[in-house]
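Student: Can you look at this prediction? I've put the sequence above it.
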Amino acid sequence: MDTKAHYDNHLGNFYSWMIGDFSVKQNEFQDFLEANRILPQSSQLAIDLGAGNGIQSVSLANLGFSVKAIDFNKQLLDELRTNSKNLKVEIFEEDIREVAKYANLQPELILCCGDTITHLDDKNDIRELITSIHKTLPPNGKLILSFRDYSQTLTGYDRFIPVRSDENRIHTCFLEYGEEYVTVTDLLHEKTETGWNQKVSSFKKVRITTQDILGFLENHSMKIIFNKPVNRLTTIIASK
C-alpha cells in the first residue's frame with residue numbers, strides 16, 4: 001500500500017491517539033521553539049509540511065506566526081482545523097512537494113517534522129524537496145526537520161515496537177529493513193463487543209540517515225544551527 005492510502009485507510013484513523021495527549025505534545029514543541037529562539041521576525045509566515053493534527057502549526061501560531069499547514073490526509077487536517085480554531089492557520093490538502101509555489105510569499109520558516117520526510121518516494125525525492133525548500137526560503141530563512149535515523153538495522157525481536165496501548169487498543173509496529181527502505185507494518189488490535197479485532201496495513205519509509213540529510217543541506221550551503229535527538233527523532237535547524 002502506498003503511503004497516502006496507508007494513512008487514509010488505516011493509520012489516519014488512530015494517528016492522534018497513537019501520538020498521545022495533544023496539549024502535552026504541542027506544549028513540548030512550543031517550548032522547543034522558544035528555547036531555540038524560533039520567533040516571528042520578518043514575513044512572520046511559516047509553512048508546516050506534513051502538518052498532521054497540528055502540533056507544530058498550533059505552536060507556531062501561538063508564538064505569532066501566520067501558518068500555512070499542508071498535509072495529504074483529510075482526517076488529520078479536520079482535526080487540525082479543530083485544534084487551531086481562532087488561530088492564524090490556513091489549511092491545505094496537498095502534496096508537500098509543491099512547497100515552491102509559496103516562494104513569492106517569502107516564508108521565513110519551513111518545517112517538516114515527525115518523520116514526514118521519510119514518507120517520500122526515495123532519497124532523490126527527499127533531496128529534491130530540500131532543494132525546493134531552499135529555493136522557497138529567503139536569505140536567513142530557517143528550516144526545521146525531524147526524522148528517524150535508520151542507519152542501524154534492527155533484527156530479531158527488536159523489530160517489534162510496542163507503540164501505545166490502553167484498555168481498548170493495542171498498537172504495535174513491525175519493521176523490515178532493506179537497503180533503501182524500511183517496510184513498516186502497523187498492527188492495531190481494537191476491543192469490540194464481540195472481542196478483539198485486528199487491523200493490519202504496511203507502507204515503506206525511505207531508509208534515510210542523519211548524514212544523508214546533512215549532506216543535502218550542505219550542498220545548498222545551509223548553516224546547521226541545531227543537530228540533536230529530540231524525543232528519539234534527529235532534529236535539525238538550518239539557516240539559508
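Tutor: The structure has been received and is ready for your questions. Numbering: from 1, shown residues only.
Student: C-alpha only now, for contacts and for neighbours.
Tutor: Fine.
Student: can I see the domain layout of this protein?
Tutor: What automatic domain parsing lists as the domains of the chain is 3-150+208-239, 156-206.
Student: Just the terminal-to-terminal distance for the longest one.
Tutor: From its first residue to its last, domain 3-150+208-239 covers 29 Å (CA to CA, to the nearest Å).
Student: Same check on the shortest one?
Tutor: Using CA to CA, one end of domain 156-206 lies 21 Å from the other.
Student: where's that domain relative to the chain centroid, distance-wise?
Tutor: 19 Å (CA atoms, centre = their mean, to the nearest Å).
Student: And stretch 130-150, by the same measure?
Tutor: 13 Å.
Student: Run through the strands of the protein in chain order.
Tutor: Counting by DSSP state E, the chain has strands at residues 45-49, 66-71, 89-93, 109-112, 142-147, 160-165, 169-177, 181-192, 195-206, 223-230, 233-239.
Student: and Thr118, which of the ones you listed is closest to it?
Tutor: strand 195-206 (4.8 Å; CA to CA).
Student: who's in contact with the closest one?
Tutor: 1-3, 6, 10, 118-123, 180-191 (CA atoms under 8 Å, 6 or more residues apart in numbering).
Student: switch to 6 Å and redo it
Tutor: Contact with strand 195-206 is made by 1-3, 118-119, 122, 181-190, as judged by CA atoms under 6 Å, 6 or more residues apart in numbering.
Student: got it, and stretch 215-227?
Tutor: Stretch 215-227 has contacts (CA under 6 Å, 6+ apart) with Thr235, Ile236, Ile237, Ala238, Ser239, Lys240.
Student: Of all the strands of the chain, which one is nearest Ala35?
Tutor: strand 223-230 (11.4 Å).
Student: Partner strands of the closest one and their direction?
Tutor: Sheet pairing for strand 223-230, assigned by DSSP bridges, gives strand 233-239 (antiparallel).
Student: Find the pair from the contacts of strand 195-206 with maximum spatial separation.
Tutor: The most widely separated members of the contacts of strand 195-206, counting by CA to CA, are Asp122 and Glu190 (32.7 Å).
Student: Switch the strands of the chain over to TSV; also include mean neighbour count.
Tutor: Listed next are these as TSV, based on neighbours: other CA atoms under 10 Å:
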stretch	mean neighbour count
strand 45-49	26
strand 66-71	24
strand 89-93	18
strand 109-112	24
strand 142-147	23
strand 160-165	14
strand 169-177	18
strand 181-192	18
strand 195-206	16
strand 223-230	14
strand 233-239	20
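Student: would a markdown table of those strands with mean pLDDT and distance to Thr136 be doable?
Tutor: Converted to a markdown table, the strands of the chain look like this (pLDDT from 0 to 100; distance: least, CA to CA, whole Å):
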| stretch | mean pLDDT | distance to Thr136 |
| --- | --- | --- |
| strand 45-49 | 98 | 10 |
| strand 66-71 | 98 | 14 |
| strand 89-93 | 97 | 17 |
| strand 109-112 | 98 | 9 |
| strand 142-147 | 98 | 11 |
| strand 160-165 | 96 | 35 |
| strand 169-177 | 97 | 34 |
| strand 181-192 | 96 | 28 |
| strand 195-206 | 96 | 24 |
| strand 223-230 | 97 | 16 |
| strand 233-239 | 97 | 12 |
